[in-house]
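A.B. asks: got a predicted structure plus its sequence, pasted below:
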Amino acid sequence: MPFKNIVFAGLLLWLGVSCKSEKDPGPSTPTGPSSFGFNSLKVNDAYTGFDYVNVDLKPKIRFTFSTALNGNSVGSGITFRSASGENIAFSSALENGDSSVVVIPSADLDYLKAYTVGATKALKSKSNGTLLSEVKVNLTTRLDSTDKFPVITDDALLTLVQKQTFKYFWDFGHPVSGLARERNSSGDVVTSGGSGFGIMTIPIAIERKFITRAQGLERMQKITSFLKGKTQKFHGAFPHWLNGATGAVVPFSTKDNGADLVETSYLIQGLLTARQYFNDAGVAETALRKDINAIWEAVEWDWFRKNNENVLYWHWSPEYNWDMNHQIKGWNECLITYALAASSPTHAIPKAVYDAGWASNGGFANGKEYYGIKLPLGEPYGGPLFFSHYSFLGLNPTGLSDSYTNYFTQNKAHTLINYNYCKANPQSFNGYSDQCWGLTASDIPDGYDASSPTNDKGVISPTAALSAFPYSPVESMKALKFFYYKLGDKLWGNYGFHDAFSLDKIWFADSYLAIDQGPVIIMIENHRSGLPWNLFMSSPEVKAGLKKLGFTSPDLK
């Protein structure tokens, strides 16, 4: 036997663990007259390690040791606890010449909950020997598969999700500015980009009869009046965060206390969509369009080239200038920024900035296959799914092409790679399946992260699959039904689905984020009617800008 194997075997013997197989563990080698070792474990007559998921509500746990046990010590020597520390009542029985103890909970355990069952040093042998090393097994019970809500038609379910999610922007919008709070716990902090998403939901809500046209117009008047007259702007661009009552900048980070061009582009995308919708010749809607145009035309997109470089820069600060030095280069969520910069009637960029800056002259190409699906652009496996959502709330990818790719092909490939990754579940996270999928930026336990196949923390965010409806209608509907019917008692709330969850960690966020709620409503509508796409793509400036960049599309004819 090689030396390293001898050392490993010796370590196991010192711990009191047999080196033999689970099927034939054999006796442990005693290390002293008053000690004994742990030999084997089975949960529901099977052994797969010390962590078990999807177990039934009355599991059978069998510990086998190297000697016969003192039955009087089992009550104190075996522990059964929930993750919160609650003691679970159990029955026990000795078997196999009293060297095995079988533990079964006295009552059914709760669904989708973590438990630990342990053998401690209070467990004694018949000769009053002491267990060498304590043993612990982790159990996670299965999900309750019953429907949590009455089953309705698929169409009714889509309407329900849009209506409930819209309440985040309508009922929870800031009372002074009408803008969208960053998240449900943000107080006065509103988000420029998330507000752009919220603005795009207003025409949908009117057409779906969640609100009246008069109500939608009134909200838009409040928003545009605030944006035009009260908010801090920097060369026409907005900061990431604002105080919804005063319009003052709320720093996103120390040096990010000025302009955020990408967030500005999401806001302008929403405003142009609303401008195209509120097209009545009356005084009120005419004035609204005039205000939107003033905001749109004031953004100095070309100034963000920083000394006329052939690339756009993300941030500028009145204190730190260009110190963040973050070039906007693809492939990511920022195509809309270049599209609008090229479309500006007052501060447009030339095509060279798009090609050299955004596209790196084709350097953002991928061309590899993942799960048999060829990905035209971007990072391995596509990155987080918001890359295929944020820019395409208004930009219609259907038939949209330039010299680099067809954008519906790109976004569909990105989506199906993400779906197939979750379905394959290479990291074996509990709960991933063809019904439970979608990795994107979201809250995670104790933080926030951009989840993707290459940065997978075991957290699913409903916005990922639901905002992918135009690209994966069948797969997204499966996910929607699972989220609503199977997880609805934990995941569905006042403003639609909570931000994220992990069945692996048995964690459900209680948060809602504007940038995650908005795309759910908008992309479901793009799947159903194409309304947001039709509105935004009808903008004459957008048509001209996209043509200038070399795009072709049925919408540009």
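C.D. replies: Now that the structure is in, tell me what you want to look at.

A.B. asks: now the strands: where do they sit in the stretch 51-200 of the chain?
C.D. replies: 51-55, 61-65, 78-82, 90-95, 100-105, 114-119, 130-131, 135-141, 189-191 (DSSP state E, counting those that start in this stretch).

A.B. asks: and those: which comes nearest residue 292?
C.D. replies: strand 189-191 (18.0 Å; CB to CB). For every residue, glycine as well, the C-beta is placed using N, CA and C.

A.B. asks: what's the closest one packed up against?
C.D. replies: Contacts defined by 3 or more CB pairs under 8 Å, 6 or more residues apart in numbering; DSSP states H and E place strand 189-191 against strand 241-243.

A.B. asks: skip the chain neighbours and tell me the closest residue to residue 237.
C.D. replies: residue 259 (3.8 Å; CB to CB, 6 or more residues apart in numbering).

A.B. asks: list the contacts of residue 396.
C.D. replies: 526, 530, 533, 534, 536, 537, 553, 555 (CB atoms under 8 Å, 6 or more residues apart in numbering).

A.B. asks: let's see that with 10 Å instead.
C.D. replies: Residues counted as contacts of residue 396 (CB atoms under 10 Å, 6 or more residues apart in numbering) are 407-408, 470, 526, 530, 532-534, 536-537, 553-556.

A.B. asks: state the pair within those residues that is farthest apart.
C.D. replies: 470 and 556 (18.7 Å).

A.B. asks: same drill for the two, tell me which one is more crowded.
C.D. replies: A count of neighbours by other CB atoms under 10 Å puts residue 470 above the other of residue 470 and residue 556, at 25 against 15.

A.B. asks: how about the nearest residue to that one, chain neighbours excluded?
C.D. replies: In space, residue 470 is closest to residue 527, 4.6 Å off (CB to CB, 6+ apart).

A.B. asks: of all the contacts of residue 396, which comes closest to residue 316?
C.D. replies: Of the contacts of residue 396, the one sitting nearest to residue 316 (CB to CB) turns out to be residue 536, at 26.0 Å.

A.B. asks: was I right about the residue nearest to residue 470 contacting residue 468?
C.D. replies: Yes - here residue 527 reaches residue 468: they are 9.1 Å apart, a contact under CB atoms under 10 Å.

A.B. asks: hey, what's in contact with both of these two?
C.D. replies: residue 476.

A.B. asks: please say which of these two ends up with more neighbours.
C.D. replies: residue 468 (30 against 19).

A.B. asks: hang on, the more buried one packs against residue 382?
C.D. replies: No - in this structure, residue 468 is not within contact of residue 382 by CB under 10 Å, at 11.4 Å.

A.B. asks: spit out the residues that contact the two alike.
C.D. replies: 388, 411, 414, 415, 416, 418.

A.B. asks: reformat the residues you listed as a markdown table; add neighbour count, distance to residue 35 and pLDDT.
C.D. replies: Shown next, in a markdown table, are these (neighbours: other CB atoms under 10 Å; distance: CB to CB, whole Å; pLDDT from 0 to 100):
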| residue | neighbour count | distance to residue 35 | pLDDT |
| --- | --- | --- | --- |
| 388 | 32 | 60 | 98 |
| 411 | 27 | 63 | 98 |
| 414 | 28 | 58 | 98 |
| 415 | 27 | 57 | 98 |
| 416 | 21 | 56 | 98 |
| 418 | 31 | 52 | 98 |
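
A.B. asks: nearest to residue 510, of those residues?
C.D. replies: Taking those together and measuring to residue 510 by CB to CB, the closest member is residue 418, at 24.9 Å.

A.B. asks: doesn't residue 524 lie inside a helix?
C.D. replies: Yes - judged by DSSP: H, G, I helix; E, B strand; the rest coil, residue 524 forms part of a helix.

A.B. asks: against residue 135, how distant is it?
C.D. replies: Taking CB to CB, to the nearest Å as the measure, residue 524 falls 49 Å from residue 135.

A.B. asks: what sits against the residue nearest to the spatial centre of the chain?
C.D. replies: For the chain, residue 461 is the residue whose C-alpha lies nearest the centre (CA atoms, centre = their mean; 3.2 Å). Contact analysis of residue 461 by CB under 10 Å, 6+ apart lists 384-386, 438-444, 451, 467, 497-501, 509, 513, 516.

A.B. asks: let's see which of those end up in helices.
C.D. replies: The helices, defined by DSSP state H, take in residue 516 from those.

A.B. asks: out of the contacts of residue 461, which are buried?
C.D. replies: 384-386, 438-444, 451, 467, 497-501, 509, 513, 516 (16 or more other CB atoms under 10 Å).
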